[in-house]
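> I need the structure of the sequence given here:
(one chain, ligands or ions: 1)
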Amino acid sequence: MSPTMRCEKCLQPVIEGPDGGYVCGLCYHVVEPWGYEERRKAGIKEAAQVRREKTEVRRQAKERKMKSA
Ligand SMILES: [Zn+2]
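Presented below is the predicted three-dimensional model:
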């Protein structure tokens, strides 16, 4: 973390986060931490997979219910 880091758009001093990103308090320019894009994509993929599995379980439960009714 560097105390002399400044926003690249308006040169307002900003505080760098633990992963290297920051949000400027003056112009709201956002710099995403290194690797953030990859991590977010991986997170979205994982969430989609979990959602699919849950949907599948629900669908099977519904089919079982319909058969027994
Ligand atoms: Zn700024």
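> buried set for stretch 5-17?
Neighbour-count burial for stretch 5-17 flags C7, V14 (criterion: 16 or more other Cβ atoms under 10 Å). Backbone N, C-alpha and C define where each C-beta goes, glycine included.
> Tell me where the chain has helices.
Applying DSSP state H to the chain gives helices spanning 36-68.
> Which residues of it lie near the ion?
C7, K9, C10, Q12, C24, L26, C27, H29 (Cβ under 5 Å from the ion).
> Of the residues you listed, just say which sits nearest to A48.
Taking Cβ to Cβ as the measure, A48 lies nearest H29 of the residues of the chain next to the ion, at 30.0 Å.
> Okay, the residue positioned nearest the centre of the chain and the ion: tell me how far apart.
Closest to where the C-alpha atoms of the chain average out (Cα atoms, centre = their mean) is R40, at 4.2 Å. Look at R40 and the ion: by Cβ to the ion, to the nearest Å, they are 22 Å apart.
> Next up, the contacts around that residue.
Listed by Cβ atoms under 8 Å, 6 or more residues apart in numbering, the contact set of R40 is empty.
> cool, V23 as well?
Taking Cβ under 8 Å, 6+ apart as the test, what V23 contacts is V14, H29, V30, V31.
> Which among those residues count as buried?
V14, V31.
> farthest pair in the contacts of V23?
V14 and V30, at 10.4 Å, using Cβ to Cβ across those.
> Spit out the residues that contact those two alike.
Y22, V23, C24.
> Show the model's pLDDT score for the second one.
According to the prediction, V23 has pLDDT 93.
> how much space is there between it and G43?
When distance is defined by Cβ to Cβ, to the nearest Å, V23 is 19 Å away from G43.
> ok, now M66?
35 Å.
> swap in K9?
From K9 to G43 the distance is 27 Å (Cβ to Cβ).
> Could you do R6 as well?
The value you get for R6 to G43, if Cβ to Cβ is used, is 30 Å.
> ok, the residues of the chain next to the ion vs K62, which is closest?
Closest to K62, out of all of the residues of the chain next to the ion and judged by Cβ to Cβ, is H29, at 48.3 Å.
> My guess is that closest one contacts K9. True?
Yes: H29 is in contact with K9 according to Cβ atoms under 8 Å; the separation is 4.2 Å.
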